[in-house]
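Colleague: need coordinates for the below:
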Amino acid sequence: MKKLILSALAGAAMTVTAFAHSPLKATMPADGETVSGTPDMLHLVFAKPARVTKIMLKHTAGAKTHEDKLALPSKKFETELMLQPEFKGPGDYTVDWRALGKDGHALKGSFKFRVVAE
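Modeller: Sure, this is the predicted structure:
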């Protein structure tokens, strides 16, 4: 019985912790989207304020791959982040990000999109 109670408490604690995180809620371009021409910017929207600590933009076109660490405009906790990286033209893009939630949890994720010529 004691093990059952401890298991239930541990499960409840993990549920509360999961809701305390600040996951990425939306992106522009959207994950999996194909866009005509290079976008004007990258837009990340978090469900709760997060302090983004790192963003990598990877571009793949044929056999060539470029990877750039993007400069962050702020070290504040925010729900939206807008960046204007130098896009390399048509190809596949992957954005890998890392952030810190206000609750102290490290967050990370990625999204992908494709750019085709206009």
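Colleague: can you map out the helices along this structure?
Modeller: 2-20 (DSSP state H).
Colleague: quick one: low-confidence ranges for it?
Modeller: Along the chain, the model assigns pLDDT under 70 to residues 1-22.
Colleague: state which strand of it is the longest.
Modeller: strand 42-61 (DSSP state E).
Colleague: what are the phi and psi values for D40?
Modeller: D40 adopts backbone torsions of phi -80, psi -30, taken as degrees, to the nearest 10.
Colleague: about what we covered before: so what does the longest strand of the chain touch, helix or strand wise?
Modeller: strand 24-28, strand 64-69, strand 78-83, strand 91-101 (3 or more CB pairs under 8 Å, 6 or more residues apart in numbering; DSSP states H and E). Bear in mind the C-beta positions are built from the backbone N, C-alpha and C, glycine included.
Colleague: ok, the last one: who's next to it in the sheet?
Modeller: Same thing as strand 91-101. strand 42-61 (antiparallel), strand 106-116 (antiparallel) (DSSP bridges).
Colleague: just these: most buried one?
Modeller: strand 42-61 (a mean of 18; mean count of other CB atoms under 10 Å).
Colleague: and that strand with strand 64-69, angle?
Modeller: Angle, strand 42-61 to strand 64-69, by axes from the mean of the first three to the mean of the last three CA atoms, to 10 degrees: 150 degrees.
Colleague: what about strand 42-61, distance to the chain center?
Modeller: Taking CA atoms, centre = their mean, to the nearest Å, the mean C-alpha location of strand 42-61 is offset from the chain mean by 4 Å.
Colleague: include distance to T34 when you put the strands paired with strand 91-101 into TSV, please.
Modeller: As requested, the strands paired with strand 91-101 are arranged in TSV below (distance: least, CB to CB, whole Å):
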stretch	distance to T34
strand 42-61	14
strand 106-116	4
